[in-house]
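Undergrad: have a look at this prediction, sequence included:
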Amino acid sequence: MIIGIGTDIVEVKRIAKSIQNRHFTEKIYSKHEINYCEEKKNSAESYAARFAAKEAFLKALGKGWREGLAFNEIEILNDNFGKPSLNILGKSSIICSKMKIKFIHVSLSHTKNLATATVVLEG
């Protein structure tokens, strides 16, 4: 059963400017995400896609920021083939358990200018 679906689109230029501030980067992204993005030629595109995924996840939950959720509790990881997945930590994980979410599907895409993500929560 589908519990929620969310999608988001982000301008890469806006994220490229934001990630110049290390405080922003460390507040929004996990160490794994930072390492992954920094290895990429166009790191801003990867950062933007992950930002969009975090927003899409929050939209799919339907909770927004009301329950003290944090961006860095929503971690996007990639398997050996590059397929993204969401690793949910902290309060976000507790909320997922309460909502009986069993599977989280995520799709990321980006161009030079835009990044988008869709998240589907399944129970």
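TA: Cool, the structure landed. Numbers count the residues shown, from 1 in each chain.

Undergrad: least confident secondary structure element in the chain?
TA: Lowest on mean pLDDT, DSSP states H and E among the helices and strands of the chain sits helix 90-98, with a mean of 91.

Undergrad: buried residues, stretch 78-88. List them.
TA: Pro84, Leu86, Ile88 (16 or more other C-beta atoms under 10 Å). Where you see a C-beta, it was placed from the backbone N, CA and C, and this is true even at glycine.

Undergrad: please look at Ala115 and Lys13 and confirm they touch.
TA: No - taking C-beta atoms under 8 Å as the definition, Ala115 is not a contact partner of Lys13, at 10.6 Å.

Undergrad: ok, these two, which is more surrounded?
TA: The neighbour count for Ala115 versus Lys13, taken as other C-beta atoms under 10 Å, is higher for Ala115 (25 against 13).

Undergrad: any idea how far that one lies from Met1?
TA: Ala115 is 29 Å from Met1, where distance means C-beta to C-beta, to the nearest Å.

Undergrad: same question for Ala70.
TA: Taken as C-beta to C-beta, the span from Ala70 to Met1 is 27 Å.

Undergrad: what does Cys37 give?
TA: Taking C-beta to C-beta, one finds Cys37 at 33 Å from Met1.

Undergrad: which one's more surrounded, these two?
TA: Cys37 (22 against 7).

Undergrad: now name the helix or strand holding that one.
TA: Here Cys37 sits within helix 31-38, counting by DSSP states H and E.
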